[in-house]
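[1] Sharing a sequence plus its predicted fold:
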Amino acid sequence: MSETNQKPKTTENDPTKTVQQPQTVSGESDERVREEWRNYEFDGDAKLAVEDLDVYYGDDHALKNVSMDIPENSVTALIGPSGCGKSTFLRCLNRMNDRVKTARIDGSVALDGEEIYQDGVNLVELRKRVGMVFQSPNPFPKSIRENIAYGPSKHGDIETGLLARLLGRSNEDERDELVETCLRDAALWDEVRDRLDDNALGLSGGQQQRLCIARCLSVDPDVILMDEPASALDPIATSKIEDLIDDLSQDYTVVIVTHNMQQAARISDQTAVFLTGGELVEYGATDQVFEEPQSQRVEDYISGKFG
Ligand SMILES: Nc1ncnc2c1ncn2[C@@H]1O[C@H](COP(=O)(O)OP(=O)(O)OP(=O)(O)O)[C@@H](O)[C@H]1O
Ligand SMILES: [Mg+2]
């Protein structure tokens, strides 16, 4: 880390202290967002490359000129106070904001180097590759088995009909194999293996959330977006989800919004801090962001002084 990257250290009696930054009414210092605070360098490829992303809802400028590269097969945490644009950012990564009538999006998002905001992109395919898990578990009111098998059958990923039969595999075999694999990968199999035909709504909240993760895995995504996936869960269910996220990051690129800073510190490899006004203020290795933030506002936020 270069000298110029260091945040100013100010103490009352230090004659070399830097000039105090002007304070806003909320107590945040009026610092400028600096490129180097957001310039996170990592080995390997960027799974997602976001450049100059602006999002408007009508006249409301919700995200301002956000650029960040997200490394593959790792966990990226997005943190920041309510309303700073975390969910908006997440939804841009699989074009879910296209569904919001008032939303306007400028800028670029590339998945494996391919622009997702260009004409001709198949949104169903995109959302298969970039799956999403929401804050409240939302299983279909169907059996556990059907929750997993629905997506792949709909997309034609389970071989049906004559070809499958000629190859000696019945649809049911293939489906059951897929159901088991996804439930195992979502660390739910042992709890539900004897009740696959029960209605998914009969599961506990934590189990429902893992089922939703299993459902997301069933269409073989590359990226999993999670918007506060554990905020409605008790500590035990939360810790299961956290362990699961850690496992998933071996094979998937996980981007997770969380309000729980300990959770971000525990599970993520890199952390992006958004602050009020829709700015990405700092982005870096999680240890660095939490232990040695470059931005005074980020330090204040992390230490609980505001937000
Ligand atoms: N569908 C929408 N229509 C209009 N404005 C919206 C919409 N969704 C979000 N906004 C506005 O965009 C800004 C960012 O919202 P967003 O939901 O992305 O914040 P967030 O960081 O996820 O907040 P929280 O932590 O509370 O979930 C807010 O000012 C919000 O009111
Ligand atoms: Mg949100």
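    Nice, I can see it. Ligands and ions are numbered 1, 2, ... in the order given.

[2] now the helices for the chain?
    Taking DSSP state H as the criterion, the chain carries its helices at 35-38, 86-92, 123-129, 144-154, 162-166, 171-185, 189-192, 205-217, 235-248, 261-267, 286-291, 296-302.

[3] Surely Arg145 touches Leu196?
    Yes: the pair Arg145 and Leu196 qualifies as a contact (C-beta atoms under 8 Å) at a distance of 4.3 Å. Using the backbone N, CA and C atoms, a C-beta is placed for each residue, glycine as well.

[4] joint contacts of the two?
    By C-beta atoms under 8 Å, 6 or more residues apart in numbering, Arg145 and Leu196 have these common neighbours: Val179.

[5] List the contacts of the nearest residue to Asp251 once chain neighbours are set aside.
    Once flanking residues are discounted, Asp251 sits nearest to Asn73: 6.6 Å by C-beta to C-beta, 6 or more residues apart in numbering. Residues near Asn73 by C-beta under 8 Å, 6+ apart: 44, 47, 249-253.

[6] would a markdown table of the residues you listed with pLDDT and neighbour count be doable?
    Output for the contacts of Asn73, formatted as a markdown table (pLDDT from 0 to 100; neighbours: other C-beta atoms under 10 Å):
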| residue | pLDDT | neighbour count |
| --- | --- | --- |
| Gly44 | 88 | 9 |
| Lys47 | 98 | 23 |
| Ser249 | 95 | 20 |
| Gln250 | 95 | 8 |
| Asp251 | 94 | 13 |
| Tyr252 | 96 | 23 |
| Thr253 | 97 | 24 |
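
[7] Among those residues, which lie within strands?
    47, 253 (DSSP state E).

[8] Against Tyr57, how distant is the residue in the stretch 101-250 of the chain that ligand 1 sits nearest to?
    Among all residues of the stretch 101-250 of the chain, Thr102 sits closest to ligand 1, at 5.5 Å; criterion: C-beta to the nearest ligand atom. Remark: distance between Thr102 and Tyr57 (C-beta to C-beta, to the nearest Å) = 5 Å.

[9] quick one, which of the two is more surrounded?
    Tyr57 (15 against 10; other C-beta atoms under 10 Å).

[10] Quick check: bridge partners of that one?
    Beta bridges link Tyr57 to Asp60, Ala103 when assigned by DSSP bridges.

[11] interface residues of the protein facing ligand 1?
    57, 60, 62, 80, 82-88, 100, 102 (C-beta under 6 Å from any ligand atom).

[12] run the last query once more with 5 Å
    57, 62, 82-88, 100 (C-beta under 5 Å from any ligand atom).

[13] I'd like those written out as TSV, with pLDDT and distance to Leu111 added.
    What follows is the residues of the chain next to ligand 1, written out as TSV (pLDDT from 0 to 100; distance: C-beta to C-beta, whole Å):
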residue	pLDDT	distance to Leu111
Tyr57	97	24
Ala62	97	22
Ser82	95	28
Gly83	95	27
Cys84	96	24
Gly85	97	20
Lys86	97	19
Ser87	97	19
Thr88	97	18
Val100	95	20
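
[14] Whichever of those residues end up buried, select them in PyMOL.
    Restricted to buried positions by 16 or more other C-beta atoms under 10 Å, the PyMOL selection for the residues of the chain next to ligand 1 reads:
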select buried, resi 62+84+85+86+87+88
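
[15] ok, the residues of the chain next to ligand 1 vs Cys182, which is closest?
    Ser87 (25.4 Å; C-beta to C-beta).

[16] shouldn't that closest one be in contact with Asp227?
    Yes: the pair Ser87 / Asp227 is scored as a contact, 5.5 Å apart, by C-beta under 8 Å.

[17] Spit out the residues that contact those two alike.
    Joint contacts of Ser87 and Asp227 (C-beta under 8 Å, 6+ apart) are Val257.

[18] So for stretch 134-153, what gets flagged as buried?
    For stretch 134-153, by 16+ other C-beta under 10 Å, it's 137, 139, 143-153.

[19] just stretch 290-298 next, same as before
    Neighbour-count burial for stretch 290-298 [16+ other C-beta under 10 Å]: 290, 293-298.
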